[in-house]
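Novice: can you look at this prediction? I've put the sequence above it.
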Amino acid sequence: MNRREAKRLVGPEWLDSDYRIAWETRIMRRRVPLYRAAIGALRALNAVTGGRDRPSLRVTRWERVAPHGGTFVMDKLETMTGRTDHPVTSRSELRARTSFASRLARAISADEWPQIIAEYERRRRGEPPRYHYVGHRPLNAASHALMDEAWVRGELPTDKFRAWNVIKNNDYGAFYSEFFTHGNARGYPGGETNPGFRLGRILCDVSWRDRATLTLERQILRRSRVLRAKELVKFLRIELRELVHPPAPASAGPAKNRQDIFTPEVVAAIADFTKPEELRSPTARGETPGRNCAIEVANAMATGLPPGALNGSGLNGPGPTTPGDRSDEPPSQQAQPPWIYRQTPTARPPGRPAGAPRETPGR
């Protein structure tokens, strides 16, 4: 297949074509030496400008959710110290947990380059490709749980969310997404904790499967380079400003003690119905469970709810029976849950006595 024929491929025909794999491999062959040299320069800069507790910029392996319910590891540069699963809440915290070189690496997405290097080496060994240049970004289990909760809360359309789960179940993902270059992914405060970010993520990921072409993929790669250049300029401006005026430490907000009914267990049980068939539980697949299985499902839901949700909050009826309860009374005299609508019986006229003459309606 030549380039002219490849340009006419759209959607799955392009995404699954051998020409795409060969085209990606040629780009990797040109860029991987540059990535290795740039990573070496960043490590040298980190050794000069970083403090004693600076990030190492070594290659670390991060677990991501793989197709068909599995997991795999993804290579990234270590650009932050401490618990990286805890989000950074202020610029002062970011500066305390990073170095100049690691912040520079994050600004130009150099922390993602080891993924491209590992994918190129995999293809050189003759192994089938795992990642592609453009597609959906692989997510960890916490990010998948966050997307499930967003759907349960009604933030995401069901048809798009189901299609997004199917896409995630079919392939490993890619280095760049259309959401990053054309969806203003970095413009949402808080990243994936922002509802607009989550909605844009699934809309771009789902539409890419049907709209993908060679021309569009080349545009995304070119725009990603432009965005990295803009991020570099923005990074230098911020670093110069904070060198003169260091950011003040952010004060911790009041702790939230509100109990949320959407606990991780409840979200997982509800979102199970949107997963691909092979990943669903027997209940979500429509298989009628036995009595023991139904009891286990009920117990799991009860365990997942926060304390007090089952007793006194009006979610699951009255609490357990205590010695003072009048459990020996007939059901009509026992206390009923407050959400049950009690309809007063309508008074009916007395029936016509047997043998009485039928009244003739007036004309």
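Specialist: Arrived safely, thanks for sending. Residues are numbered from 1 along each chain as shown.
Novice: in the strand or helix carrying Pro114, what counts as buried?
Specialist: Counting by DSSP states H and E, the element that carries Pro114 is helix 113-124. Going by neighbour count (16 or more other CB atoms under 10 Å), the buried part of helix 113-124 is Trp113, Pro114, Gln115, Ile116, Ile117, Ala118, Glu119, Tyr120, Arg123. C-beta: built from backbone N, CA, C; applies to glycine.
Novice: quick check: closest non-adjacent residue to the second one.
Specialist: By that I understand Pro114. Using CB to CB, 6 or more residues apart in numbering and skipping the chain neighbours, the partner closest in space to Pro114 is Asp75 (3.8 Å).
Novice: so the one you found: helix, strand or coil?
Specialist: Classification of Asp75 by DSSP: H, G, I helix; E, B strand; the rest coil places it in strand.
Novice: and it, how far from Ile117?
Specialist: Look at Asp75 and Ile117: by CB to CB, to the nearest Å, they are 7 Å apart.
Novice: do Val206 as well
Specialist: From Val206 across to Ile117, the span is 29 Å (CB to CB).
Novice: same thing with Ala145?
Specialist: Applying CB to CB, the value for Ala145 to Ile117 is 30 Å.
Novice: please apply the same query to Asp53.
Specialist: 27 Å.
Novice: so for stretch 225-232, what gets flagged as buried?
Specialist: Leu227, Glu231.
Novice: go ahead and confirm His62 touches Lys76.
Specialist: Actually, residue 62 is Trp. It isn't His. Yes. Using CB atoms under 8 Å, Trp62 is in contact with Lys76, at 5.6 Å.
Novice: thinking again about what came up before, what's the closest of the buried residues of helix 113-124 to Tyr133?
Specialist: The closest of the buried residues of helix 113-124 to Tyr133 turns out to be Ile116 (CB to CB; 8.3 Å).
Novice: wait, the closest one sits on Arg36?
Specialist: No. Applying CB under 8 Å, one finds Ile116 not in contact with Arg36, separated by 10.4 Å.
Novice: hey, what's in contact with both of the two?
Specialist: With CB atoms under 8 Å, 6 or more residues apart in numbering applied, the contact sets of Ile116 and Arg36 do not overlap.
Novice: what about Val65, neighbour count?
Specialist: Neighbour count of Val65, defined by other CB atoms under 10 Å: 19.
Novice: what backbone torsions are found at it?
Specialist: Val65 adopts backbone torsions of phi -80, psi 130, taken as degrees, to the nearest 10.
Novice: contacting residues around it?
Specialist: Contacts of Val65 (CB under 8 Å, 6+ apart): Thr71, Pro138, Leu139, Asn140, Ala141, His144, Lys168.
Novice: again, only using 10 Å
Specialist: When the contact criterion is CB atoms under 10 Å, 6 or more residues apart in numbering, the partners of Val65 are 71-72, 138-144, 168-169, 172-173.
Novice: now Arg61. Its backbone dihedrals?
Specialist: Main-chain dihedrals, Arg61, degrees, to the nearest 10: phi -120, psi 130.
Novice: what about the residue nearest to it when sequence neighbours are not counted, how many residues nearby?
Specialist: Excluding its sequence neighbours, the residue lying closest to Arg61 (CB to CB, 6+ apart) is Val73, at 4.2 Å. When neighbours are counted by other CB under 10 Å, Val73 registers 12.
Novice: what's the distance between Arg91 and Thr215?
Specialist: 39 Å.
Novice: neighbour-wise, which of those two wins?
Specialist: Shown here are Arg91 and Thr215; by other CB under 10 Å, Arg91 has more neighbours (15 against 12).
Novice: from Pro189, how far off is the nearest residue to the more buried one once chain neighbours are set aside?
Specialist: Once flanking residues are discounted, Arg91 sits nearest to Pro247: 4.0 Å by CB to CB, 6+ apart. Pro247 is 16 Å from Pro189, where distance means CB to CB.
Novice: ok, these two, which is more surrounded?
Specialist: For the pair Pro247 and Pro189, the greater number of neighbours falls to Pro247 (14 against 8), based on other CB under 10 Å.
Novice: the more buried one: what secondary structure?
Specialist: Under the three-state scheme (three-state DSSP), Pro247 adopts coil.
Novice: how about Val10?
Specialist: Assignment for Val10 (three-state DSSP): coil.
Novice: wait, it sits on Arg211?
Specialist: Yes. Between Val10 and Arg211 there is a contact at 7.4 Å, judged by CB atoms under 10 Å.
Novice: circling back to that earlier point, now, of the contacts of Val65, which are buried?
Specialist: Neighbour counting by 16+ other CB under 10 Å classes Pro138, Leu139, Ser143, His144, Lys168, Asn169, Tyr172, Gly173 among these as buried.
Novice: just to revisit the earlier point, list residues touching both of Asp75 and Ile117?
Specialist: Joint contacts of Asp75 and Ile117 (CB under 10 Å, 6+ apart) are Val59.
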